[in-house]
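S.K.: Return atomic coordinates for the entry below.
(chains A and B)
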Amino acid sequence: MNVLVGIVGSDESIKTLRRTIDRTHEVGDDLTVAVVDKPEAKRSQDAMAERARELLSEAGVDAEIVQLEGDPGSSLVDYAEQGEYDQLVIGGGTLSPMGKIQLGPITEFVLLNAPTTVKLVR
Amino acid sequence: MADTRPYPDESAGPFPAPPTTLEDGAGRQIEVLASDDFEDTLEDVVEMYDQFDPTDRAQGIPPTGEERIRNWLETIADESVNVVARHDEDVIGHAMLVPDTDDPASIEDNADIEWELAIFVLQAYQRAGIGTMLLEHLLGHASTVGIDRVWLTVERWNNPAIALYERVGFESTGTESFEQEMAIRL
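M.R.: Below is the predicted model:
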């Protein structure tokens, strides 16, 4: 399967990437990592791309890393649409102090607009 | 989760503080009580959530199964502010505030932080005004313990809940995806 994982600079994204790399490793999927541009994120886009490179190399998984400019949701969906991807993977929400699952606006945009199957990682 | 949300400039309320006994829309005597030591009430609240119809879950809570319900409540119990509604001996409604901080033990002044609200009423007791009763008394109790800022998220399509929150003074903060975020100042 040809998998595209979309990440921002959050801890949730690191978890999503780790899980996706593990899964890729297990089943032999093809993986592309797209780092989107969310200025208010904890890590910069460059730092996140570097972290992705480290995680991929630790796992011995070969994957292309791309950095996408512009609005995070639409740039990711657009990139997925241009490529031959079977699945788009993104983070599946954060937990509020109460324990409520919260899906942000990027997740909503991707779910409603992506042409591919979308996987949310919890 | 240390986001500072936009809050209304004006304070809402005043709200009534518990304890009180009121008659609900179905003529039942409902007791509304603050639970200062939540440990005492915990088992009755676990029992209530165990009876809760899972079709009314919101954003993953309450969890299902007694064990997972107890774990969830114990995780948030320590620093939370709780009001319960009782009919006869049973807890049939529960409203709570959970501090939005990574380090609840270090809270010096309840007004310094934001509190997340949730409220659940057992199915057989819904549409009888108990939600409004619980919500108002939780906010009244919150006010007496110095809480100033309360927020919540609600599924965007849950119009009855949004109408209830607006009626007591919550305003939408503008953060909107699948969940509508709302806030109130006490």
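S.K.: Endpoints of stretch B:75-87, how far apart?
M.R.: 26 Å (Cα to Cα, to the nearest Å).
S.K.: Enumerate the positions of that stretch that are buried.
M.R.: B:Ile76, B:Ala77, B:Glu79, B:Ser80, B:Val81, B:Asn82, B:Val83, B:Val84, B:Ala85, B:Arg86, B:His87 (16 or more other Cβ atoms under 10 Å in any protein chain shown). C-betas here are computed from N, CA, C, even on glycine.
S.K.: What of stretch A:19-29?
M.R.: Neighbour-count burial for stretch A:19-29, with 16+ other Cβ under 10 Å as criterion, is recorded at A:Arg19, A:Thr20, A:Ile21, A:Arg23, A:Thr24, A:Asp29.
S.K.: Report the secondary structure state of residue 115.
M.R.: In the absence of a named chain, chain A is used. Using DSSP: H, G, I helix; E, B strand; the rest coil, the secondary structure recorded for A:Pro115 is coil.
S.K.: oops, chain B please
M.R.: strand.
S.K.: That one: how many residues sit nearby?
M.R.: B:Trp115 is flanked by 24 other residues according to other Cβ atoms under 10 Å in any protein chain shown.
S.K.: That one: what's it in contact with?
M.R.: Counting by Cβ atoms under 8 Å, 6 or more residues apart in numbering or on different chains, B:Trp115 makes contact with B:Val81, B:Leu97, B:Val98, B:Pro99, B:Asp100, B:Ala142, B:Ile147, B:Arg149, B:Val150, B:Trp151.
S.K.: What's the separation between the residue sitting furthest away from the middle of chain B and chain A?
M.R.: In terms of distance from the mean C-alpha position of chain B, B:Gly27 ranks first, at 23.3 Å (Cα atoms, centre = their mean). If you measure B:Gly27 against chain A using Cβ to the nearest Cβ, to the nearest Å, the figure is 32 Å.
S.K.: Okay, helices next: where are they in chain B?
M.R.: B:38-51, B:66-77, B:130-144, B:159-168 (DSSP state H).
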